[in-house]
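In: Fold the following, please.
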Amino acid sequence: MTEKRKLYLYEALELRSEYDARIKTLRDCLPETRQNRDRLSFTREDEGRRRPSPDFDLAEARKNLRNLEFKRRKLNAAIQEINYKHRVDFSGEAMNLNEALEMRKGLNERIGELHTQVVKSAYQRVIYKEGRDIVEENEVTYAESMKNLEDARLTFRELNRQLRKASFGAVVDFQDE
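Out: The predicted structure follows:
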């Protein structure tokens, strides 16, 4: 029998994803979930009635589901705790993992906005009016918007590397199975 040990953050995140997949599988096997799914879909798998397979124990499935949901809550709480306790240095600023994750989320959204700006600035708007063209200049030049996008991407990459590095060093207070 292998010895139980605490998990690194990256392992805890992988385990949480595994728990999510197991929970989804068990929920999808429950008759109440199946009825809701059938009600929402326009086609039915078959017209006949269904009953549990001989080797499927509904009570055992519900018990396993409750146990997995409990474990997932405890694991998630442990992950959140380490997200607030563990600190990373980024651009000369010390911040906890939660702040860094929020910063990464904001940077990702900003990259999307800058992408749109680059695409828009690649062309000028031309309005044909009374035999002549009126050209509307872009608010931000293509070169400037492209530089802003690249700077944001490099910042995102560096922050993401710091987060990954932290996930290999931070230990989550949760016993592996």
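In: Residue 173: neighbour count?
Out: Taking other C-beta atoms under 10 Å as the criterion, the count of residues near residue 173 is 14. From N, CA and C alone the C-beta is placed, and that goes for glycine too.
In: Surely it is in contact with residue 81?
Out: Yes: at 6.9 Å, residue 173 counts as touching residue 81 under the criterion of C-beta atoms under 8 Å.
In: List the buried residues of the helix ranked longest in the chain.
Out: For the chain, the longest helix by residue count, based on DSSP state H, is helix 58-85. Neighbour-count burial for helix 58-85, with 16 or more other C-beta atoms under 10 Å as criterion, is recorded at 61, 65, 68, 71-72, 75, 78-79, 82-83.
In: And the helix or strand following that helix, what does it pack against?
Out: Sequence-wise, the next helix or strand beyond helix 58-85 is strand 87-90, with elements assigned using DSSP states H and E. Here strand 87-90 is seen to pack against strand 93-96, helix 97-121, helix 142-167 when contacts are counted using 3 or more C-beta pairs under 8 Å, 6 or more residues apart in numbering; DSSP states H and E.
In: Tabulate those (JSON lines), appending distance to residue 33, mean pLDDT and mean neighbour count.
Out: JSON lines is the format used below for those (distance: least, C-beta to C-beta, whole Å; pLDDT from 0 to 100; neighbours: other C-beta atoms under 10 Å):
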{"stretch": "strand 93-96", "distance to residue 33": "37", "mean pLDDT": "95", "mean neighbour count": "13"}
{"stretch": "helix 97-121", "distance to residue 33": "31", "mean pLDDT": "96", "mean neighbour count": "15"}
{"stretch": "helix 142-167", "distance to residue 33": "33", "mean pLDDT": "96", "mean neighbour count": "15"}
